[in-house]
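Trainee: just coords:
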């Protein structure tokens, strides 16, 4: 059994000990900036559930979950992007060329989104409240005019925008996977005892991008069209112009501020890469990490449809409060969590760290839900501050699992390994988002009537499903023995464990079936949910 003072060091790593990786070098800064851009577009495509899909278009909690699954579907194909990166370098580059192609595709789709006629607010159509009465008569007339035909077209428009945002993410992921591969190369250039800090700083930069986009949503969408208190603000179509501005900035960043060594002409054939990928899938060490990651992602993503109904019906925060507390302060705490891990916990027992943080996150969430459900405190600041407190532990938790990839990665297949683990984790997340609709179906917590009626029976049902979901999330503690406790044991796991083709086949089949289930349920849920609710 090894500890971190007894690391098995390769010759390349021994050479890295003699040099120091420079984070602020001009040729390295471009990668950091791109992760900042990724944070912005991720927030403005995938994290629009509350403002756009729930407040503006008025879809229910189940459909909000499935909208997230559909829009984020390309993130479950990171493995295939990684294989293409490593097999088909363009202009002699494995990473930069795909970054340029990805951001260029984002620019084209962003222009299409900008030219698409934007729907009117279903929230205003259904409820012209007192705050709107205080607004100008011009806004009132415009609201009524826009709302007149919304009931006919909002479902079609919802699916249309889901498809456009999905397509945008196809190209975002293309750039992101190339960035991930280059990031792992950067991380392997660090001194061994410091390894993991490049990842920490890079993902911190991405969360700064989250915060920037959340500020735009907080102050731009805090008006009555999005169930907010203000009389005026930005149209969603204006906010989505950022989907054009970001790739316009990203393209020269890749071209002039991101450095990658040109690869040799004798490149691996795709058949060789497929063999390498299969070897990774059959490695028991990789299988163990993938299985743990998928189970953890699945359990952590069990967010009940009741959560968004609690927010919109019982807490009812404005867009500004929702983004300031739920996203901005939350991401600041997440960043603090990653810095704490990189500074103090990098060489501590990862297994203990992960377990403690998961218990704290689940406990805080359950406590806030129960307090709001039983009307002890129903305050937007109280309910959303729970996610702020939990985010610092989520940051520690997140980086803890990422470090495994650097220790398992081999030269020239960094992108494939990173994509393989990211893909399986994303499928676990998506499957959890879909499965939770079926898990809580007997509780009937997706109905708005239950939250509007708000009697003791309804509260007990909502509280019961919250306790049940939290219990499922904490099952991850039983799988912690699969998580190596430190760098040394991760490397020992890689070196001492063998291979198993049968386990690899089962893992591959399970992953494919989970993904197919996610896609089918996401696009057929509007048609099958009435039947499922009728028999539940």
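Mentor: Nice, I can see it. Please read these numbers as outputs of a predicted model, since none were measured by experiment.
Trainee: tally of neighbours for the closest residue to residue 361 other than its chain neighbours?
Mentor: Closest residue to residue 361 apart from its sequence neighbours, by CB to CB, 6 or more residues apart in numbering: residue 390 at 4.6 Å. Quick note: C-beta positions are derived from backbone N, CA and C, even for glycine. For residue 390, the neighbour count with other CB atoms under 10 Å is 23.
Trainee: Look up how far residue 306 lies from residue 390.
Mentor: 18 Å (CB to CB, to the nearest Å).
Trainee: which residues touch the residue nearest to residue 361?
Mentor: 330, 360-361, 364-365 (CB atoms under 8 Å, 6 or more residues apart in numbering).
Trainee: same check, this time on residue 320
Mentor: Residues near residue 320 by CB under 8 Å, 6+ apart: 218-219, 222, 228.
Trainee: so which pair among the contacts of residue 390 is furthest apart in space?
Mentor: The largest separation in the contacts of residue 390, counting by CB to CB, is between 330 and 360 at 14.6 Å.
Trainee: Neighbour count: those two, which is higher?
Mentor: With neighbours defined as other CB under 10 Å, residue 330 and residue 360 compare such that residue 330 has more, 27 against 17.
Trainee: Quick check: which element contains the closest residue in space to that one that isn't next to it in sequence?
Mentor: Spatial nearest neighbour of residue 330, excluding adjacent residues (CB to CB, 6+ apart): residue 391 at 4.1 Å. Applying DSSP states H and E as the criterion places residue 391 in helix 380-408.
Trainee: Which residues belonging to the helix or strand just after that helix are considered buried?
Mentor: Counting by DSSP H and E, the next helix or strand C-terminal to helix 380-408 is helix 414-439. Of the residues in helix 414-439, 414-437, 439 count as buried by neighbour count, 16 or more other CB atoms under 10 Å.
Trainee: Isn't residue 473 up against residue 302?
Mentor: Yes. With contact defined as CB atoms under 8 Å, residue 473 reaches residue 302; the gap is 5.9 Å.
Trainee: Neighbour count: those two, which is higher?
Mentor: residue 473 (23 against 18).
Trainee: Please list the residues outside the helix or strand hosting residue 69 that contact it.
Mentor: Using DSSP H and E, the element containing residue 69 is helix 61-71. Defining contact as CB under 8 Å, 6+ apart, one finds that helix 61-71 is touched by 45-46, 49, 53-54, 59, 158, 162, 165-166, 169, 303-309, 430, 433-434, 436-437, 445-446, 518, 521-523, 525-526, 529.
Trainee: ditto for stretch 95-114
Mentor: Here stretch 95-114 makes contact (CB under 8 Å, 6+ apart) with 34, 41, 81, 84-85, 89-91, 164-165, 167-168, 170-179, 181-182, 237, 240-241, 243-244, 246-248, 250-251, 254-255, 258, 260, 415.
Trainee: These, buried ones only, as a PyMOL selection?
Mentor: In PyMOL syntax, the buried subset of the contacts of stretch 95-114 is picked out as below (16+ other CB under 10 Å):
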select buried, resi 34+41+81+84+85+89+164+165+167+168+170+171+172+173+174+175+176+177+178+179+181+182+240+241+243+244+246+247+250+251+254+258+260+415
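Trainee: out of the contacts of stretch 95-114, which are inside helices?
Mentor: Among those, the members falling in helices (DSSP state H) are 34, 41, 81, 84-85, 164-165, 167-168, 170-179, 181-182, 237, 243-244, 246-248, 250-251, 254-255, 415.
Trainee: coming back round to it: between the helix holding residue 391 and helix 414-439, how many degrees?
Mentor: Orientation check (axes from the mean of the first three to the mean of the last three CA atoms, to 10 degrees): helix 380-408 against helix 414-439 gives 140 degrees.
Trainee: Tell me the pLDDT of the residue nearest to residue 361.
Mentor: Per-residue confidence for residue 390 comes out at a pLDDT of 80.
Trainee: before we move on, what about residue 375?
Mentor: In this prediction, residue 375 carries a pLDDT score of 91.
Trainee: and if you look at residue 64?
Mentor: What the model reports as pLDDT for residue 64 is 77.
Trainee: And it, how far from residue 300?
Mentor: Separation of residue 64 from residue 300 (CB to CB): 18 Å.
Trainee: what do you get for residue 217?
Mentor: With CB to CB as the criterion, residue 217 and residue 300 are 24 Å apart.
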